[in-house]
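Novice: heads up, no residue letters with this:
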């Protein structure tokens, strides 16, 4: 059962977008029937105006492949037609949610066209952003073209720490501006923050939890994972104590992770079941932080790729922990496989494969 | 009796492979053996059940000893290698509906036991079965037998978490090979194991498995109830399992002096 505020939002969505609201309302029923309804994270472009210390997408960015690795990515990229096709396939499977991510979505010149290609009348559209370009005019504009929700990154409640982490002076002030702009424009809003090892115990983190709760905004906590830029910062990666601290804070504040139970429903790790990522080269990965592909949309249907993911012993079955954030054996396997590839994600068959085994990987 | 049903880790050796289970396990989701004495368990039951706990310490020990001897005699001693056996106490209680017995008698006692060990944390029950929930007891589980017996006499048992990484059907197929003094993961026996040691599913440095109640279904055959740790908290809940198996899933059995 939804709480009062969520029910009001759902009712309001039902008036504006009944088709989308009905699909969202069916998600629990789908799960009871053994069907899945993952959120689709769409990474059409990795262009970004920031260079953050913990970015999971850094190794996908041209600035990394061109300048650091000195390789040219000649793989075919997705275009608007591919996105329309993905939207249609997702809709046929009852999937209801897209997140436009990157890179920084709001620097994409074709952002509006991407929203249109996803189709806001068929899907609930969310955008990630670092908030730099999200003033009131932009917030009103993205709302007007069909975006429903913004996930705004804030990595510390202490201005200098956030700016240092983001390597961009002034970014904290822009986030604060973006919070007000999003709310004033009638967008749903959650703050997104990365939990690095030890941060859960700090006053700063609890202050952020309190601020978010008092503002009526959910705080989504993403564990630092040993991938992307964090590969060079193993000290950021959390342990179970950090995860358990957040589990306790959930009782007091409007704070949650990707594994936080919702209304008594404990979903655990959401790989494939609750989230997938579509990369700029049409590869589908099972979560934002796992750089191993389950298949390419130009070769396989979305349905085939999701079925493949659900059959994989690492990804399909229920598990209470974060696979790429906490399972050291999987982390080693992931690091070993990805280290052999300059261009990510690793193609299906080279990392994830039909014969994956938990005990033998 | 066969002496090779359980391997050296106390896990049941599934040989037919008719239903989903993991042939190899890495023990990533594991239970840490409780470092407690019979005196601890005796005092725990006495405190939690009050007047419903009627045994002297000597009687309690004797019951445990009898079960141990029976298990050893039948060649199942490997089962004790899963964890050190966890005593179970089933008080004599008259009841009409086994769901009410679980939700009104046992789960509140588990809450008391959990809170006595963990005052800062919670035991929370979600999606509880109700008297009207259509749930059927699995015939071969011996759970009906335990429920009926407990109307007339209290029982001591020993709980063993021996079906890790099994689907329910695979675990039940194995369970059929055991003598009928064993009960397959019922509601009151599994809850009683947790009453005796409420931190069984709580780990600080890793994750414990999800412990299923497999002796009765929820309103459908592929859904059931279970216990699971969440951080330092304990939960009771319902989940669809689709007769699949997962690395974190566990079913237990309890031996009694029937």
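Specialist: That came through, no problem. Not measured: the values here are computed from a predicted model. Residues are numbered from 1 along each chain as shown, chains lettered A, B, ... in the order given.
Novice: pLDDT wise, what is whichever residue of the stretch 51-200 of chain B sits closest to chain A at?
Specialist: Nearest residue of the stretch 51-200 of chain B to chain A, counting by Cβ to the nearest Cβ: residue B:126, 3.4 Å away. (Glycine included, C-beta is placed from N, CA and C.) pLDDT, residue B:126: 95.
Novice: quick one: contacts for it?
Specialist: A:264, B:235, B:236, B:237, B:238 (Cβ atoms under 8 Å, 6 or more residues apart in numbering or on different chains).
Novice: got TSV for these, with distance to residue A:341 too?
Specialist: As requested, the contacts of residue B:126 are exported to TSV (distance: Cβ to Cβ, whole Å):
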residue	distance to residue A:341
A:264	41
B:235	40
B:236	44
B:237	40
B:238	42
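Novice: Phi, psi for residue B:249 please.
Specialist: phi -90, psi 140 (degrees, to the nearest 10).
Novice: And it, how far from residue B:241?
Specialist: Plainly put, residue B:249 is 7 Å away from residue B:241 if you go by Cβ to Cβ, to the nearest Å.
Novice: what do these two both touch?
Specialist: B:167, B:212.
Novice: which of those two has more neighbours?
Specialist: A side-by-side neighbour count of residue B:249 and residue B:241, using other Cβ atoms under 10 Å in any protein chain shown, places residue B:249 first with 28 against 23.
Novice: Tell me the spacing between the closest residue in space to the more buried one that isn't next to it in sequence and residue B:51.
Specialist: Distance criterion Cβ to Cβ, 6 or more residues apart in numbering or on different chains; nearest residue to residue B:249, sequence neighbours excluded, is residue B:210 at 5.6 Å. To residue B:51, residue B:210 is 33 Å away according to Cβ to Cβ.
Novice: can you map out the strands along chain A?
Specialist: Remark: strands assigned in chain A by DSSP state E are A:39-42, A:97-100, A:124-129, A:147-153, A:188-195, A:218-223, A:255-256, A:275-278, A:284-285.
Novice: elements contacting the last one?
Specialist: Where contact means 3 or more Cβ pairs under 8 Å, 6 or more residues apart in numbering or on different chains; DSSP states H and E, strand A:284-285 is packed against strand A:275-278, helix A:302-311.
Novice: average pLDDT for the shortest one?
Specialist: This means strand A:275-278. pLDDT averaged over strand A:275-278 gives 98.
Novice: same thing with the last one?
Specialist: Average pLDDT, helix A:302-311: 97.
Novice: Near chain B, which residues of the stretch 251-361 of chain A? Just list them.
Specialist: Selection of the stretch 251-361 of chain A residues close to chain B by Cβ under 8 Å from any Cβ of the partner chain yields A:251, A:261, A:264, A:266, A:268, A:313, A:317-321, A:327, A:329, A:357-360.
Novice: Going by neighbour count, which of those are buried?
Specialist: Buried by 16 or more other Cβ atoms under 10 Å in any protein chain shown: A:261, A:266, A:268, A:317, A:318, A:319, A:320, A:321, A:327, A:358, out of these.
Novice: Can you tell me which of the residues you listed is closest to chain B?
Specialist: residue A:317 (3.5 Å).
Novice: quick one on the thing from earlier: more crowded one of residue B:210 and residue B:51?
Specialist: More crowded of residue B:210 and residue B:51, by other Cβ under 10 Å: residue B:210, with 24 against 7.
Novice: Can you pull the phi/psi pair for that one?
Specialist: According to degrees, to the nearest 10, residue B:210 has phi -90, psi 120.
Novice: Isn't it up against residue B:226?
Specialist: Yes. At 5.4 Å, residue B:210 counts as touching residue B:226 under the criterion of Cβ atoms under 8 Å.
Novice: Can you work out which residues contact both of the two?
Specialist: With Cβ under 8 Å, 6+ apart as the test, residue B:210 and residue B:226 both reach residue B:239.
Novice: which residues of chain B fall in helices?
Specialist: Along chain B, counting by DSSP state H, helices occupy B:38-49, B:57-73, B:98-100, B:107-117, B:143-149, B:168-175, B:187-196.
Novice: before we move on, back to that, which single one of the buried ones among the residues of the stretch 251-361 of chain A next to chain B is nearest to residue B:185?
Specialist: For these, the residue nearest residue B:185 by Cβ to Cβ is residue A:318; the value is 17.3 Å.
Novice: per-residue confidence for that closest one?
Specialist: 95.
Novice: quick one: contacts for it?
Specialist: With Cβ under 8 Å, 6+ apart, residue A:318 has these contacts: A:267, A:268, A:269, B:210, B:239, B:246, B:248, B:249.
Novice: What number of residues are in the vicinity of residue 216?
Specialist: Here I'm looking at chain A. The burial count for residue A:216: 10, using other Cβ under 10 Å.
Novice: That was the other one, I meant chain B.
Specialist: For residue B:216, using other Cβ under 10 Å, the count is 22.
Novice: for the one 10 residues further on, same thing?
Specialist: Counted with other Cβ under 10 Å, the burial measure for residue B:226 works out to 23 neighbours.
Novice: What score does it have for pLDDT?
Specialist: 98.
Novice: My guess is it contacts residue B:209. True?
Specialist: No. Contact between residue B:226 and residue B:209 fails when scored by Cβ under 8 Å: they sit 9.8 Å apart.
Novice: mind checking how far the top strand by length along chain B is from the chain centre?
Specialist: When chain B is parsed with DSSP E, its longest strand is strand B:155-164. Chain-centre distance of strand B:155-164: 6 Å, with Cα atoms, centre = their mean, to the nearest Å.
Novice: Give me the buried stretch members for that strand, please.
Specialist: B:155, B:156, B:157, B:158, B:159, B:160, B:161, B:162, B:163, B:164.
Novice: before we move on, what about stretch A:301-310?
Specialist: A:302, A:305, A:306, A:307, A:308, A:309, A:310.
Novice: Which single residue of the stretch 1-150 of chain A approaches chain B most closely?
Specialist: Counting by Cβ to the nearest Cβ, the stretch 1-150 of chain A gets nearest chain B through residue A:34, at 5.5 Å.
Novice: In space, what's closest to that residue - neighbours in sequence excluded?
Specialist: Nearest to residue A:34 is residue B:242, by Cβ to Cβ, 6+ apart, at 5.5 Å.
Novice: Could you give the number of residues near the one you found?
Specialist: Residue B:242, neighbours per other Cβ under 10 Å, totals 14.
Novice: quick revisit: can you pick the most crowded of the contacts of residue B:126?
Specialist: residue B:236 leads the contacts of residue B:126 on contacts (other Cβ under 10 Å) with 25 neighbours.
Novice: and that residue, what does it touch?
Specialist: B:107, B:110, B:123, B:124, B:125, B:126, B:128, B:225, B:226, B:227 are the contacts of residue B:236 under Cβ under 8 Å, 6+ apart.
Novice: distance of the second one from residue B:123?
Specialist: Taking Cβ to Cβ as the measure, residue B:110 and residue B:123 are separated by 6 Å.
Novice: Now residue 197. Nearest residue, chain neighbours left out?
Specialist: Since no chain was named, I'll use chain A. residue A:238 (5.1 Å).
Novice: To clarify, I was referring to chain B.
Specialist: residue B:34 (4.7 Å).
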